[in-house]
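Asker: pasted the sequence and its predicted model underneath.
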Amino acid sequence: MSITSLAFVAFCVVAILVYWLLPSPYRTGWLFAASIGFLLTWAWDLAAVLLVVATVNFYLGRWLEVAVNKRRFLLWTGIGFNVLVLVALKYNGFYVSALTSLLEHMGVQTGGGGLKLLLPIGLSFITVQMISYLVDIHNKILKPEPRWLDFTLYVVYFPKLLSGPVERARTILPKFKQPSPLDMSAAEQNAWLIVVGLMRKLILADTLLSIIPGDIFLHPESYVGQDLAVCLLAYAFVIYNDFAGYTSIVRGVSGFFGIELTNNFKLPYFARNFTEFWDRWHVSLSQWLRDYIFFPVSRALAKKVPNRDHFVHLIAPPIVTMLVSGMWHGLGWNFLVWGGLHGLYLFFERLTMLRGPRRLPDEWPKWRQVASALVVFGLVVLAWIPFRMDLATAWHYLSRMFTLSAWAKPNLWLMRMYLTGNEKVSNWADFKLPDVRVLLVLIPALLLDWNQHRRKSETFFLDWPAWARGLFLAIVILALLLLSFADTGAPFIYQGF
Amino acid sequence: MTRVPLQKKSALTVILSLIFFLVIIATSSELVARTPWVEKISPYRSVGNYHYQFEIKWFRLQDYVKQNGGVDVIILGSSLANTGIDPDVMAEAFYEQTGVNLRIFNFGVEGLTVAPNSVTAGILVARYHPALLVYVTEMRDFVAGNGMAYETRFLADPWLQYELGNFNGYGWAVDHSAALQHYLPYRNWMRADFLETMPVYLVRNKYTTASGYEPEFAYGRDLDANPDPNDPNEAANFQEYSNYQIAPARLGNLRTILDLKQDDGTPVLIVEMPVHSSFYIYVGGEGVHQQFQQTLASFIHFNGGIFLPAEACNDIPLEGRSNRWHLNYLGAPIFSKCLGQQLSILADQQNTDFVNVNMGGLK
């Protein structure tokens, strides 16, 4: 069940109504049942895998708490188990073909099409949550959850199941037990979060994604430089609005249960340095990486190299952290390069900080804030190239985009002849102009971000008079309706991770 | 008296404003869409069906009926009918023979075989009550699986289902809303291929005549040379059409069309398209074709229809063909004229059902 489908709306309405009608002791049970029901709409075996993962981690957590010896061993067993499940099921592309041929060599039939393994959605998100749960118990900053039902709900809670946010057990488990009351103000806030999410996903991300030619990221050599640049820009806004839209929707839905989820996106493209970018982009994962990779690596280094200004302190923690981030997105060289690039960005940023006392971006002169935001945005956009395609293609894309001869002069004469009815063309590419539709969609995308930034509120609409909100909602609904007539349905990009 | 909390009041106002603005926007869009101004700047209409050529024909027929006060003959078929029959030439030939002005419309749509056309036929007859339905066919129409991709998608269309009596909100909305019909041709404006496909749509719209004929300007190459089974370019055709057999399901579809005579009193004429003789090499030779004709003729007669075999109008010069199956702008008038003459002969044969029903309807 897609979270942008009408079936999901009906599912949520029933789940929320029953949740608040039930006496509070039964609400967790109901949320659990609803989450399993949601899971079953994807695949029954997916539910089975996640229940096994949850149960193993539940008992591992309890053993970790009571174990006197072998605590470290238990922790690493738990981490190993979670990583193994992830590798076995999500990254099976690396070994399934070899395993299939081995089995067939041994005379075992695999059904002709080779081995087919389940690909559990959201498993990457669950894996990091499970690891943090075990590490927190090991470090004695969290008591293990005594109730299996509550813990399993933490794993399968449907609003955050598909693509996070990556919630820590210590913050979300208390919310399950004591949800915030749902008053009119909270309901309106949550409803607007959902509206913003739907706008980002269905109006902005899906529309931009449809405009981008399907093969431009496969065969960049077929396109002129300006097309490559504009489509890359479009992709940057696709991935942002797609994921931010998803997060907004699930936060709104979860808010109706009185359970607040982490805000994963805080206008990342307005970031003025890379540290700030990672405080704003996929916040819950960034914080996880900071707490469970960056800090431990820094601490381990500090034991060996006490001088904090040493080169190795500047380069190792960000590079290692971002490489792990890359691997979390997928086992491929392109993801490693993407992570490595961001690691390097952070390293150079740390290097410049050595020169003098650190000043926060808010304290910078305005011109520097704007210039820095543009540079950071440009470098982030360039890093999306290896994120989106394999390395060989990424290199072609990048080199062609920066080759002057690949940029064609716009054929304005042809356009004039076409518009005056004196020339027939069957292809927009004949004009050698970037696709104007991208700019058409980027304007509302930027307006939304700019208003959220200026008013420092995701749901700034709530400050508008009631009639203006009504008018805005009417426009959004009509836009969604008109866009729904086109065949552009696209799954959430981060659902694949 | 209890006071309504401010927040509750605000939410209620938002909902009421939303409804108010939705109604205002929808009503004003409808009013604007029905003005001649919109018709002038964007005459294109759509019901959201994926097959845009079907939609061109659908709205062209509506306009034709509006302008001519009705339609006497509807020609149905695939691209063969679309590019092969000019209703104006056909009507002229019929007039020369009988002195009767026939209002003929060509509803031939690319890729649609007898299966989806059996559905379309029912809808068109129920809407326009023509005096005669002409269904244009040839051997490939009866190959099982031929055109299935079109068929499945075409029949799944919610608007079509609405037309068939299966009510759904989408179908109702696009069928009744002029605003939606004027927006839908542009509905895929965000698709990567839109800037390439839209000009094609506009060109086809422009070249399709008021009576539904779309001329084809291409010429066929080497049509006289028999297709070679060893030629890789011909492999697909040989694979698909050798071991030719008429699929019973397709005959069932044809019977649905023929049944319109009983159900609605509309006589049905089945016309076999005069494809180039070299086509019969694919199916195994002229003998297989003759067998096909015999089967089809007896089936049609048994079900109360009239059959006009390909030989009746087979005098098409080579330059009048765009390939082995289709006629071009030179071949179509020749075939159309012949068809008009054949129709007049059929009308003169007083002892056929077609004439009995038709004479009253046409004169």
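Answerer: Cool, the structure landed.

Asker: just how off-centre is stretch B:142-151 within its chain?
Answerer: 16 Å (Cα atoms, centre = their mean, to the nearest Å).

Asker: which sections of the chain are below the confidence cut-off?
Answerer: In the absence of a named chain, this looks at chain A. For chain A, the stretches flagged by pLDDT under 70 are A:93-96, A:108-120, A:421, A:423-427, A:487-497.

Asker: hm, I was asking about chain B
Answerer: For chain B (pLDDT under 70), the answer is B:1-9, B:350-363.

Asker: for chain A, what is the nearest residue in it?
Answerer: Closest approach between chain B and chain A, counting by Cβ to the nearest Cβ: residue B:17, at 2.3 Å. Every residue, glycine included, has its C-beta placed from N, CA and C.

Asker: give the next helix or strand downstream of the strand or helix carrying residue A:255.
Answerer: Element membership for residue A:255 (DSSP states H and E) is helix A:225-256. As assigned by DSSP H and E, the chain's next helix or strand after helix A:225-256 is helix A:274-280.

Asker: with just CA atoms, put the helix or strand following that following helix into CSV.
Answerer: Next in sequence after helix A:274-280, counting helices and strands by DSSP H and E, comes helix A:283-289. Provided in CSV are the C-alpha atoms of helix A:283-289 (Å, rounded to 0.1, in the frame of the first residue of the first chain):
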residue,chain,number,x,y,z
VAL,A,283,18.7,14.5,10.0
SER,A,284,17.9,11.3,11.8
LEU,A,285,20.4,9.2,9.9
SER,A,286,23.0,12.0,10.1
GLN,A,287,22.6,12.1,13.9
TRP,A,288,22.9,8.3,14.0
LEU,A,289,26.1,8.4,12.0
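
Asker: buried residues in helix A:283-289, which are they?
Answerer: A:283-289 (16 or more other Cβ atoms under 10 Å in any protein chain shown).

Asker: list just the nearest of those residues to chain B.
Answerer: Distances from chain B to the buried residues of helix A:283-289, taken by Cβ to the nearest Cβ, are shortest for residue A:283, at 29.0 Å.

Asker: what sits against that closest one?
Answerer: The contact partners of residue A:283, by Cβ atoms under 8 Å, 6 or more residues apart in numbering or on different chains, come to A:165, A:262-266.

Asker: which among those end up buried?
Answerer: A:165, A:262-266.

Asker: which SS state does the residue of chain B closest to chain A fall under?
Answerer: What DSSP: H, G, I helix; E, B strand; the rest coil gives for residue B:17 is helix.

Asker: wait, it touches residue A:465, no?
Answerer: No: assessed by Cβ atoms under 8 Å, residue B:17 is found out of contact with residue A:465, at 9.1 Å.

Asker: of these two, who's got more company?
Answerer: Counting neighbours by other Cβ atoms under 10 Å in any protein chain shown for residue B:17 and for residue A:465 shows that residue B:17 has the greater number, 20 against 12.

Asker: what's around residue B:22, how many residues?
Answerer: For residue B:22, using other Cβ under 10 Å, the count is 18.

Asker: residue B:336 too?
Answerer: 26.

Asker: contacts only, for it.
Answerer: By Cβ under 8 Å, 6+ apart, the neighbours of residue B:336 are B:84-87, B:89-90, B:93.

Asker: buried ones in the strand or helix carrying it, by neighbour count?
Answerer: Residue B:336 belongs to helix B:331-348 when assigned by DSSP H and E. By 16+ other Cβ under 10 Å, the buried positions in helix B:331-348 come out as B:331-344, B:346-347.

Asker: now the helices for the stretch 351-497 of chain A?
Answerer: A:366-388, A:391-401, A:412-419, A:436-455, A:466-484 (DSSP state H, counting those that start in this stretch).

Asker: next: the stretch 1-150 of chain B.
Answerer: For the stretch 1-150 of chain B, the helices defined by DSSP H, counting those that start in this stretch occupy B:6-33, B:36-41, B:52-68, B:79-84, B:87-98, B:114-128, B:148-156.

Asker: mind listing the helices for the stretch 1-150 of chain A?
Answerer: Using DSSP H, counting those that start in this stretch, helices in the stretch 1-150 of chain A cover A:6-21, A:27-40, A:44-66, A:71-89, A:96-105, A:123-138, A:148-156.

Asker: before we move on, back to that, near chain B, anything from the helix holding residue A:255?
Answerer: No: using Cβ under 8 Å from any Cβ of the partner chain, helix A:225-256 stays clear of chain B, coming no nearer than 9.5 Å.

Asker: got the angle between that helix and helix A:391-401?
Answerer: Orientation of helix A:225-256 against helix A:391-401 (axes from the mean of the first three to the mean of the last three Cα atoms, to 10 degrees) gives an angle of 120 degrees.

Asker: other SSEs contacting helix A:225-256?
Answerer: helix A:6-21, helix A:184-198, helix A:206-211, helix A:366-388, helix A:391-401, helix A:436-455 (3 or more Cβ pairs under 8 Å, 6 or more residues apart in numbering or on different chains; DSSP states H and E).

Asker: what's the most buried one of the helices of the stretch 1-150 of chain B?
Answerer: Ranked by mean neighbour count, the helices of the stretch 1-150 of chain B are led by helix B:79-84 with a mean of 26 (mean count of other Cβ atoms under 10 Å in any protein chain shown).

Asker: and that one, how far from the chain's centre?
Answerer: 9 Å.

Asker: what's in contact with that helix?
Answerer: Residues contacting helix B:79-84 (Cβ under 8 Å, 6+ apart): B:53, B:75, B:106-111, B:136, B:138, B:212-216, B:273, B:275, B:322, B:325-328, B:331-332, B:335-336.

Asker: excluding its backbone neighbours, what's nearest residue A:437?
Answerer: residue A:211 (5.0 Å; Cβ to Cβ, 6 or more residues apart in numbering or on different chains).

Asker: what do you get for residue A:58?
Answerer: residue A:151 (4.7 Å).

Asker: residues contacting that neighbour?
Answerer: Residue A:151 sits next to A:54, A:57-58, A:61, A:145, A:169, A:173 when contact means Cβ under 8 Å, 6+ apart.

Asker: how much space between it and chain B?
Answerer: 36 Å (Cβ to the nearest Cβ, to the nearest Å).

Asker: contact residues of chain A facing chain B?
Answerer: Checking chain A against chain B by Cβ under 8 Å from any Cβ, the hits are A:183-185, A:187-188, A:207, A:210-214, A:424-428, A:435, A:437, A:441, A:466-467, A:469-471, A:473-475, A:477-478, A:482-483, A:485-488.

Asker: how close does residue A:64 sit to residue A:71?
Answerer: 6 Å (Cβ to Cβ, to the nearest Å).

Asker: ditto for residue A:388
Answerer: 42 Å.

Asker: more crowded one of those two?
Answerer: It is residue A:388, of residue A:388 and residue A:71, that has more neighbours when counted by other Cβ under 10 Å, with 20 against 16.
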